[in-house]
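Visitor: Just to be clear, the model below is a prediction. Sequence and coordinates:
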Amino acid sequence: MNSRTVDLIATDPPFNKGKNFQAAPDSLARGASFLDRWSWNGDEHQAWLDRIEDDRPNVLRVIQAARGSYGDDMGAFLCFLGVRLLEMRRVLRDTGSLYLHCDPTASHYLKQLLDSIFGRRNFRNEIVWCYSGGGVPRNDFPRKHDIILRYTKSREYTFHTERKPYKANTQAVGIHSTYSGPHNRIDLDRGTPLTDWWDDIKTVTGWNPERTGYPTQKPLALYERIIAASSNRGDLVLDPFAGCATTPVAAERLGRRWVAVDIWNGAHQVVIDRLEKEGLMGPNGGAGSRLFHRGQIGYRTDPPIRTDFYAAEGRSNVSVPGLSAPGSGGRRRPQPRPRTSTRCSDGRLRRCES
């Protein structure tokens, strides 16, 4: 993708959980699987390290520190994400934002990695998404939250405040309990701004109609909140770890253009199936047909060719070196070429790139 073409990146990459994930065999996402296990010798590519060392030596220092404090697996994981985060920053517009979904396994390491790539002054929020359900450990507090790290590319960015109703006692009194005086009354109809602590969105459980069976599926409401907050209608949203298509479906529902990338062969069909289920796809499916009421979808398995300044200067049009390097035995790794689906709002089938 060309530089400075994306308004928002909202993505849910692997978490470095040290385990295997596989979709239910009788589900919409059947066949989807990936290994979220990492090793320095098996998953680190010298071309990635060379790119990081040449372009951002401070990023390399974060990776090396993680290897020393946590282990080689965290270093390999950060190397894998580091080259991709460098590319994410490159394709973002100067007013763009990134939301990176993770959990406490690696969130503090990813925070340092993102500080080194986006700059610590462009850190905006550590959003905590709380939920319930699942197992309860015997000797620990239950781990029932994820982390979403929000960064912007610059000090100028898109943001729309979401509000929620005031608590019942505040509504009854009509003024905030910590305020006093006639000029501190609040607007009860407008509500109070949402904070960075989100406990009102449930996970996708077995009975949820959204459920595709994808092992790490996130709810549409979560990504609709993100997209509504940091983009406008018609903006371009990118998810480079699209999985079961939550981000593109949420973007489509909110009238945004989108690009979804994943190495799973079935990801493209899940996008179509979910959009059809949402009533967002036209009557005729298949390549080249009109799929949307407001646009069309394109699908490709070859790397898009960059046409911006860097390619014109004769530099490689493959943004991340080593993407075609040998992978490691069916892991969620760069060996398979990413499948890219795009939706454009002008009714033409094309890549959403300028």
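Guide: All right, it came through fine.
Visitor: Which elements pack onto the strand or helix carrying Val83?
Guide: Val83 is part of helix 72-91 when elements are defined by DSSP states H and E. Contact here means 3 or more C-beta pairs under 8 Å, 6 or more residues apart in numbering; DSSP states H and E; on that basis helix 72-91 packs against strand 6-11, helix 40-43, helix 46-55, helix 57-69, strand 92-102, helix 107-118. All C-beta spots, glycine's among them, are computed from the backbone N, C-alpha and C.
Visitor: and the angle for that helix with helix 107-118?
Guide: 40 degrees (axes from the mean of the first three to the mean of the last three C-alpha atoms, to 10 degrees).
Visitor: tell me the mean pLDDT over helix 72-91?
Guide: Here helix 72-91 scores 92 as its mean pLDDT.
Visitor: cool, stretch 143-150 as well?
Guide: Rounded mean pLDDT across stretch 143-150 is 95.
Visitor: Okay, buried residues for it please.
Guide: 146-150 (16 or more other C-beta atoms under 10 Å).
Visitor: Would you mind giving the residues you listed as a markdown table with distance to Val204 and secondary structure added?
Guide: Shown next, in a markdown table, are these (distance: C-beta to C-beta, whole Å; DSSP: H, G, I helix; E, B strand; the rest coil):
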| residue | distance to Val204 | secondary structure |
| --- | --- | --- |
| Asp146 | 13 | strand |
| Ile147 | 18 | strand |
| Ile148 | 16 | strand |
| Leu149 | 21 | strand |
| Arg150 | 22 | strand |
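Visitor: Can you tell me which of those is closest to Met88?
Guide: Checking the buried residues of stretch 143-150 against Met88 with C-beta to C-beta, the nearest one is Leu149 at 12.2 Å.
Visitor: so who does the closest one touch?
Guide: 98-100, 102, 107, 110-111, 114, 123, 125-127 (C-beta atoms under 8 Å, 6 or more residues apart in numbering).
Visitor: Now do the strands in this structure.
Guide: 6-11, 19-22, 33-36, 92-102, 123-130, 145-152, 163-164, 192-193, 197-198, 236-239, 257-262, 296-300, 339-344 (DSSP state E).
Visitor: re the thing from before, the helices and strands packed on helix 72-91: which one's closest to Arg274?
Guide: It is, among the helices and strands packed on helix 72-91 and with distance given as C-beta to C-beta, strand 6-11, at 16.0 Å.
Visitor: how big is the angle separating that closest one from strand 92-102?
Guide: 10 degrees.
Visitor: Now Leu220. Nearest residue, chain neighbours left out?
Guide: Ala250 (5.2 Å; C-beta to C-beta, 6 or more residues apart in numbering).
Visitor: Could you tell me how far Ala10 is located from Leu254?
Guide: Ala10 sits 11 Å away from Leu254, going by C-beta to C-beta, to the nearest Å.
Visitor: List the contacts of Arg233.
Guide: 254-256.
Visitor: Buried among those? Make that a ChimeraX selection.
Guide: Buried subset of the contacts of Arg233, written as a ChimeraX selection, criterion 16+ other C-beta under 10 Å:
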select :254,256
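Visitor: what's the closest of the contacts of Arg233 to Asp55?
Guide: Once C-beta to C-beta is applied, the member of these that ends up nearest Asp55 is Arg256, at 29.9 Å.
Visitor: before we move on, the earlier item: name the residues contacting each of Ala10 and Leu254.
Guide: Counting by C-beta under 8 Å, 6+ apart, the residues touching both Ala10 and Leu254 are Ile227.
Visitor: So Leu60 versus Gly191, what's the distance?
Guide: The value you get for Leu60 to Gly191, if C-beta to C-beta is used, is 45 Å.
Visitor: Tell me which of those two has more neighbours.
Guide: Under the criterion of other C-beta atoms under 10 Å, the comparison of Leu60 against Gly191 puts Leu60 first, with 20 against 15.
Visitor: Ala76 versus that one, what's the distance?
Guide: Using C-beta to C-beta, which is the criterion applied here, Leu60 is 13 Å from Ala76.
Visitor: Poorly predicted segments of the stretch 201-350 of the chain, please.
Guide: 282-296, 309-350 (pLDDT under 70).
Visitor: all helices for it, in order.
Guide: 220-230, 246-253, 267-277, 309-312 (DSSP state H, counting those that start in this stretch).
Visitor: Deepest-packed of those helices, please.
Guide: The highest average neighbour count among the helices of the stretch 201-350 of the chain, using mean count of other C-beta atoms under 10 Å, belongs to helix 246-253 at a mean of 26.
Visitor: sorry, back to before: now do the same contact list for the residue nearest to Leu220.
Guide: 220, 223-224, 226-227.
Visitor: Just the closest of those residues to Glu276, please.
Guide: Looking across the contacts of Ala250 and measuring by C-beta to C-beta, the closest to Glu276 is Leu220, at 15.0 Å.
Visitor: can you redo the contacts of Arg233 as CSV with distance to Thr307?
Guide: Output for the contacts of Arg233, formatted as CSV (distance: C-beta to C-beta, whole Å):
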residue, distance to Thr307
Leu254, 28
Gly255, 27
Arg256, 23
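Visitor: any idea how far the residue nearest to Asn125 when sequence neighbours are not counted is from Ala65?
Guide: Excluding its sequence neighbours, the residue lying closest to Asn125 (C-beta to C-beta, 6+ apart) is Arg150, at 4.2 Å. Noted for Arg150: a distance of 23 Å to Ala65, by C-beta to C-beta.
Visitor: Before I go, just wanted to say thanks for your time.
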